[in-house]
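# Build me a structure from this.
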Amino acid sequence: MKILLVSQMYPGPDDPDLGIFVQGIERALAERGHEIERAVVDRRAGGRRRHLELARRARGAARTFRPDVVYAHFLVPAGLIAASVSKAPLVVTAHGQDVRNAHSSAAIRHATRRACRRASAVVAVSDYLRRELEAAVPEARGKTEVIDCGIDLDLFRVQPTPDDPWSFLCIGTLDERKNVVRLADAFASLGDPQATLTFVGDGPLRGALEGRPGITVTGRVSHEQVRDLIAAARVVCQPSLVEPFGQALVEAMACGRSVVATSVGGPREFVREGAGVLVDPLDVGAIADGMRRAAELPCPNPAARAAAEGHDVRRRAEQVEAVLLRAASG
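From the prediction side, this is the model:
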């Protein structure tokens, strides 16, 4: 099958973490023997020029590659662009921010409805996100399937117990939605001078975190470095205000790490009893209590690894393949 991949997020030299989950599912589909042509942008900078560049690349690829199916990641703009550049059947995956945008903006909701109306199938990365999408966009109802992007279980394998029993890690954009300031406040309330909390990522709240006792901010790193940083931590924390899925949590669990996860959104669907702790993201005391409880769980944690094994990227590629084949066959 000839697949045209369209995405506004894809890893690049300056942004190695950008849309790494898109690259993962692409590689797994290629391993299954499909021919894939890529129309992507691989940097964060550029504003609306990025979208114009994506449209130009997608249009050119569709004309020369002649795909059997177009597979887009993110409803708007990638899904909308994909809908307009080719007459081939379209499958589009919703990841989270695109769905939130459809709720908050009438113009984006209209564009999202156009993309979903054109799509043969829509994929949501969690059942929580499917419900959110279908509430905002009637055109998605009855054609949305739940398939997350999966993780590489060979890259994210069980790691030995780290030397530091009170080492915590948070992976993601340092912004309000990721709730990083409340997490830092919860960490401070633990009152252990030997404890450490490392933030992996960058964003507008970096300045509110740097300089705090016990806290380190690494900035953005490659996927392989993320694996190594998980190995050096005992607990991975992501008490976001809302988390559509929680890719970093599943990667941490695959490494045998217990997690502290938000109770709002996708993590409720895979953070099982014994694998981690779900917390109220608005309650600093609850986050701190979750950090203590997660640190007391086994490390490596076999329950966490067992839960993550259900998200193997190769299995997810099989599921996506089935959706793409149905679309391509009409």
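
# which residue ranges form the strands in the stretch 101-250 of the chain?
Under the criterion DSSP state E, counting those that start in this stretch, the stretch 101-250 of the chain contains strands at 121-124, 144-146, 167-171, 196-200, 215-219, 235-238.

# Direction included, what does the shortest one pair against?
Strand pairing for strand 144-146, determined by DSSP bridges: strand 121-124 (parallel).

# tell me the domain ranges of this structure?
Annotated domains of the chain cover 2-150+312-328, 167-311 [automatic domain parsing].

# Let me know the pLDDT of residue 4.
Looking at residue 4, its pLDDT is 98.

# so who does it touch?
Residue 4 makes contact with 36-37, 39, 58, 61-62, 65, 67, 69-71, 82, 86, 88 under the criterion CB atoms under 8 Å, 6 or more residues apart in numbering. Just so you know, the C-beta spots here come from the backbone N, C-alpha and C atoms, and that holds for glycine as well.

# cool, and residue 135?
residue 103.

# Please tell me how far it sits from residue 117.
17 Å (CB to CB, to the nearest Å).

# residues near the nearest residue to residue 206 once chain neighbours are set aside, how many?
Leaving aside its sequence neighbours, residue 206 sits nearest to residue 174 (CB to CB, 6 or more residues apart in numbering; 4.9 Å). Residue 174 has 22 neighbouring residues, counting by other CB atoms under 10 Å.

# so residue 174 sits right up against residue 210, yeah?
No. In this structure, residue 174 is not within contact of residue 210 by CB atoms under 8 Å, at 9.7 Å.

# List the contacts of residue 128.
244, 265, 266, 268, 269.

# ditto for residue 206
174, 199, 217.

# So the first one versus residue 320, what's the distance?
Going back to what we said before, that points to residue 174. 31 Å.

# do you know how far the residue nearest to residue 206 is from residue 133?
For residue 174, the distance to residue 133 - CB to CB - is 27 Å.

# do residue 146 as well
10 Å.

# Check the contact lists of the two and give me the overlap.
Contacts common to residue 146 and residue 133, judged by CB under 8 Å, 6+ apart, are residue 124.

# ok, these two, which is more surrounded?
residue 133 (25 against 17).

# Enumerate every residue touching the more buried one.
Counting by CB under 8 Å, 6+ apart, residue 133 has contacts 94, 99, 102, 122, 124, 140, 144.

# any idea which element the second one lies in?
To tie it back to what came earlier, the one meant is residue 99. Assigned by DSSP states H and E, residue 99 falls within helix 97-104.

# I believe residue 37 is in a strand; please confirm or correct that.
Yes. Residue 37 forms part of a strand when assessed by DSSP: H, G, I helix; E, B strand; the rest coil.

# how far is stretch 263-277 from where the chain is centred?
In terms of CA atoms, centre = their mean, to the nearest Å, the centre of stretch 263-277 is set 15 Å apart from its chain centre.

# Just the CA trace of it, in CSV.
Extracted in CSV, the C-alpha atoms of stretch 263-277 (Å, rounded to 0.1, in the frame of the first residue of the first chain):
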residue,chain,number,x,y,z
SER,A,263,-6.7,11.5,36.9
VAL,A,264,-8.0,13.7,34.1
GLY,A,265,-7.9,12.2,30.6
GLY,A,266,-6.3,9.2,29.0
PRO,A,267,-4.0,7.9,31.9
ARG,A,268,-7.0,6.4,33.7
GLU,A,269,-7.2,3.9,30.8
PHE,A,270,-3.8,2.3,31.4
VAL,A,271,-2.4,3.3,34.8
ARG,A,272,-3.5,0.1,36.6
GLU,A,273,-3.4,-0.6,40.3
GLY,A,274,0.2,-1.2,41.4
ALA,A,275,1.6,0.4,38.3
GLY,A,276,1.3,3.9,39.6
VAL,A,277,-0.8,6.5,41.3
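
# Can you point out the buried residues in it?
Buried residues in stretch 263-277, counted by 16 or more other CB atoms under 10 Å: 263, 264, 265, 266, 267, 268, 270, 271, 275, 276, 277.
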